[in-house]
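K.L.:
Model the structure of this input:
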Amino acid sequence: MDWRRPFAGVTRLIRKYDRQFWTLLSVQLIVAVGFGAAMPFVSLYLHEQLGAPMTVVGTIMLVSALVASGGRIVGGEIADRIGRRPLLLGGISCRALAFALMAVGIHLRWSVWTIGLIFLLIRLFGAAVRPGLMAIVADMVDKDQRVEAYALFRIGSNAGWAVGPAIGGFLVAVSYASLFLLTTVASLIGLVLVALFIQESRRSTVTERFVLSRVLDAGRDRRFLTFCAWSVLLFIVMGQFASTLAVFSTGAIGISEAQLGLLFMVNGIVVVLLQWPAARLSARVGIRWGLVLGCLGYALGYFSVGWVTSFGFLIGSMVLITLGEVTFSPTATAAVASMAPEDRVGRYMGFFGLTEALGWSLGPFLGGLLLDRMAGQPVLLWGIIASLGAAAAVGFSLSYDRKAV
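P.N.:
Numbers count the residues shown, from 1 in each chain. Sure thing, here's the model as predicted:
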């Protein structure tokens with residue numbers, strides 16, 4: 001048997017995309033290691049170390065939705081008008097500074113509201129970079145390769161999440177500030193890679209004068225707006241991931257912070273292992289049913305959390321949640337890229353990012369309210385959250401236009 005045969009598929013895949021694509025994927029991986037180490041512990045720090053009620057934590061996350069939504073919209077417009085590369089360089093630089101400031105603030109034990117303000121800056125710059133990153137991938141690959149390309153990006157990102165939370169679970173025993181020092185260093189490494197190896201992928205074709213109201217033009221596309229409306233329901237469910245789920249797991253179930261890091265590591269490992277098969281499944285069943293299956297995976301996974309009594313059971317719930325993630329996320333991003341006119345990919349990505357940021361921040365707010373009031377009724381708590389995912393599945397199955405892609 002030829003020993004090279006098992007590697008032939010990998011070799012073909014590597015040659016399928018150019019060096020810039022793999023460099024961006026590497027940046028995504030490195031930054032995700034740092035971000036994954038810190039993000040799961042933000043809500044825990046605010047709640048357990050600074051004594052903020054979960055309703056306050058949820059409110060901070062909700063306010064961050066407005067900031068992040070603005071960042072997504074403005075980032076998408078910058079990507080179309082000025083270019084993808086300047087957006088990446090500027091956004092990553094500013095985010096690295098915000099991470100460093102967070103490390104200082106935690107070390108000096110600044111107030112809940114000061115830490116919350118720094119968190120808003122982190123959300124702002126991260127949200128602004130996202131549309132440019134997704135747009136540059138759309139520029140680099142053919143339309144029929146986008147689900148595959150975005151799936152590869154998610155593998156890179158979640159490989160970082162597989163390592164990051166485990167590192168964070170141990171670093172938090174040293175100090176919460178060390179988490180954000182790691183994230184700062186990871187961001188700086190990503191910045192250097194972009195500066196050295198990434199070129200502009202598309203010259204601006206936008207000649208119209210900038211008018212703020214035009215930034216929201218994507219929302220006038222009724223087909224796209226309907227797609228975003230159903231998506232926001234699922235993003236609310238997704239938003240429980242690093243807030244309500246983390247606090248519920250350590251408080252109600254009683255797992256340790258190190259076990260919480262391992263739990264999020266399971267998420268990253270499952271994505272790395274199953275993202276590729278899930279992307280191929282979505283390509284086989286079509287965009288509509290890929291979206292539906294993803295929503296149902298999330299709904300079933302979060303509903304099962306209400307019945308959890310042990311760490312092992314919680315890992316099973318995380319696997320179900322992650323199955324929903326690997327099916328829905330790259331499929332949805334590819335759908336947005338395909339619905340957008342070629343000269344408005346950044347704008348559409350920005351508008352969809354607004355939807356994502358809104359849902360991810362409404363999620364912790366809603367979850368915080370429910371957790372404060374229903375901590376003793378976990379089945380009802382997680383049943384309400386899961387019902388939003390089921391509703392999104394129904395919405396996509398009835399309304400998604402298969403001609404959109």
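K.L.:
Can you list the low-confidence ranges for this protein?
P.N.:
Under the criterion pLDDT under 70, the flagged ranges of the chain are 1-10, 161-162, 202-219, 400-405.
K.L.:
moving C-terminal of the host helix or strand of Arg280, what's the next helix or strand?
P.N.:
Here Arg280, judged by DSSP states H and E, is contained in helix 257-285. As assigned by DSSP H and E, the chain's next helix or strand after helix 257-285 is helix 287-305.
K.L.:
now the angle between helix 257-285 and that next one, please.
P.N.:
Angle, helix 287-305 to helix 257-285, by axes from the mean of the first three to the mean of the last three CA atoms, to 10 degrees: 150 degrees.
K.L.:
for the helix holding Arg280, packing partners?
P.N.:
Using 3 or more CB pairs under 8 Å, 6 or more residues apart in numbering; DSSP states H and E, the elements in contact with helix 257-285 are helix 146-171, helix 287-305, helix 311-339. (C-beta placed from N, C-alpha, C; glycine too.)
K.L.:
buried residues in that helix?
P.N.:
Within helix 257-285, the residues that qualify as buried by neighbour count (16 or more other CB atoms under 10 Å) are 257, 259-272, 274-276, 278-279, 281-283.
K.L.:
Indicate which one of the helices and strands packed on helix 257-285 is closest to Leu117.
P.N.:
Of all those, helix 146-171 sits nearest to Leu117, with 22.1 Å by CB to CB.
K.L.:
now for the closest one, which elements pack on it?
P.N.:
Helices and strands touching helix 146-171, by 3+ CB pairs under 8 Å, 6+ apart, are helix 19-38, helix 112-140, helix 176-197, helix 257-285, helix 311-339.
K.L.:
any chance of those helices in JSON lines, plus distance to Met102?
P.N.:
As requested, the helices and strands packed on helix 146-171 are exported to JSON lines (distance: least, CB to CB, whole Å):
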{"stretch": "helix 19-38", "distance to Met102": "8"}
{"stretch": "helix 112-140", "distance to Met102": "5"}
{"stretch": "helix 176-197", "distance to Met102": "4"}
{"stretch": "helix 257-285", "distance to Met102": "18"}
{"stretch": "helix 311-339", "distance to Met102": "26"}
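K.L.:
Any idea which of those gets closest to Ser399?
P.N.:
Comparing the helices and strands packed on helix 146-171 by CB to CB, helix 311-339 comes nearest, at 12.6 Å.
K.L.:
Helix 311-339 and the next helix or strand after that closest one, what's the angle between them?
P.N.:
Using DSSP H and E, the helix or strand that follows helix 311-339 towards the C-terminus is helix 345-374. Inter-element angle recorded for helix 345-374 and helix 311-339: 150 degrees (by the same axes, to 10 degrees).
K.L.:
Contacts for stretch 110-121 next, please.
P.N.:
Defining contact as CB atoms under 8 Å, 6 or more residues apart in numbering, one finds that stretch 110-121 is touched by 42, 45-46, 50-52, 56, 60, 63-64, 67, 94, 98, 101-102, 105-106.
K.L.:
Apply the buried test to these and list what passes.
P.N.:
Using 16+ other CB under 10 Å as the burial test, the contacts of stretch 110-121 include 42, 45-46, 50, 52, 56, 60, 63-64, 67, 94, 98, 101-102, 105-106 as buried.
K.L.:
closest to Leu314 among those residues?
P.N.:
Val42 (19.9 Å).
K.L.:
wouldn't that closest one be in contact with Phe241 here?
P.N.:
No: the criterion here is CB atoms under 8 Å, and Val42 misses it with Phe241 at 11.9 Å.
K.L.:
is it true that Ala135 touches Met349?
P.N.:
Yes: counting by CB under 8 Å, Ala135 touches Met349, with 5.5 Å between them.
K.L.:
any residues in contact with both of the two?
P.N.:
Gly76, Ala79.
K.L.:
so how far is stretch 354-361 from its chain's centroid?
P.N.:
Relative to the chain's own centre, stretch 354-361 is displaced by 10 Å; criterion: CA atoms, centre = their mean, to the nearest Å.
K.L.:
ok, residues contacting that stretch?
P.N.:
61-65, 68-69, 71-73, 123, 127, 228, 231-236, 238-239.
K.L.:
Show me which of those are buried.
P.N.:
When neighbours are counted using 16+ other CB under 10 Å, the contacts of stretch 354-361 contain these buried positions: 61-65, 68-69, 71-73, 123, 127, 228, 231-236, 238-239.
K.L.:
So which of those are in helices?
P.N.:
Residues of the buried ones among the contacts of stretch 354-361 located in helices (DSSP state H): 61-65, 68-69, 71-73, 123, 127, 228, 231-236, 238.
K.L.:
Next, the contact list for Lys16, please.
P.N.:
Lys16 sits next to Gln145 when contact means CB under 8 Å, 6+ apart.
K.L.:
hmm, try it at 7 Å
P.N.:
Contacts for Lys16 were tallied using CB atoms under 7 Å, 6 or more residues apart in numbering; there are none.
K.L.:
Let me know the distance separating it from Gln145.
P.N.:
Distance, Lys16 to Gln145, by CB to CB, to the nearest Å: 8 Å.
K.L.:
Next: Ile78.
P.N.:
Distance from Ile78 to Gln145, counting by CB to CB: 25 Å.
K.L.:
and what of Gly301?
P.N.:
Shown here: Gly301 relative to Gln145, a distance of 29 Å by CB to CB.
K.L.:
Neighbour count: the two, which is higher?
P.N.:
When Gly301 and Gln145 are compared for neighbours, Gly301 comes out ahead with 23 against 15, by other CB atoms under 10 Å.
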